[in-house]
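Participant: the sequence isn't on hand, but the structure is:
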């Protein structure tokens with residue numbers, strides 16, 4: 001009769017001791033076919049967090065934080081901002097104005 005696992009009973013049988021779970025990786029975006037143990041995407045890549053997502057954007061159900069803004073178009077220079085007032089450069093560095 002052979003191995004009992006070779007018998008076609010018409011529906012799949014889940015035998016956890018015989019199934020090796022695969023692990024997701026943040027190293028690439030390719031997901032191989034197979035069985036994966038229950039997990040969350042934020043456990044695979046800790047950068048998938050509210051604080052890392054721009055305001056107004058949702059990634060895999062995680063909404064961006066209001067404090068994360070697109071500042072790529074910022075163009076003020078330190079000498080153009082009033083003394084004692086702060087702003088953020090395009091690199092995200094906090095700057096203090098010097099204009100009197």
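Facilitator: Ah, there it is. In this text the structure is predicted, and so the values were computed from the model without any measurement.
Participant: what ranges does the chain have for its helices?
Facilitator: Remark: helices assigned in the chain by DSSP state H are 41-44.
Participant: all strands of it, in order?
Facilitator: For the chain, the strands defined by DSSP state E cover 58-59, 62-63, 86-88, 94-96.
Participant: pipe the ones you listed into CSV and attach mean pLDDT per row.
Facilitator: Formatted as CSV, the strands of the chain follow (pLDDT from 0 to 100):
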stretch, mean pLDDT
strand 58-59, 92
strand 62-63, 92
strand 86-88, 88
strand 94-96, 90
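Participant: go through those and name the closest to residue 38.
Facilitator: Using CB to CB as the measure, strand 62-63 is the one of the strands of the chain that comes nearest residue 38, at 17.8 Å. All C-beta spots, glycine's among them, are computed from the backbone N, C-alpha and C.
Participant: distance from the closest one to the middle of the chain?
Facilitator: In terms of CA atoms, centre = their mean, to the nearest Å, the centre of strand 62-63 is set 10 Å apart from its chain centre.
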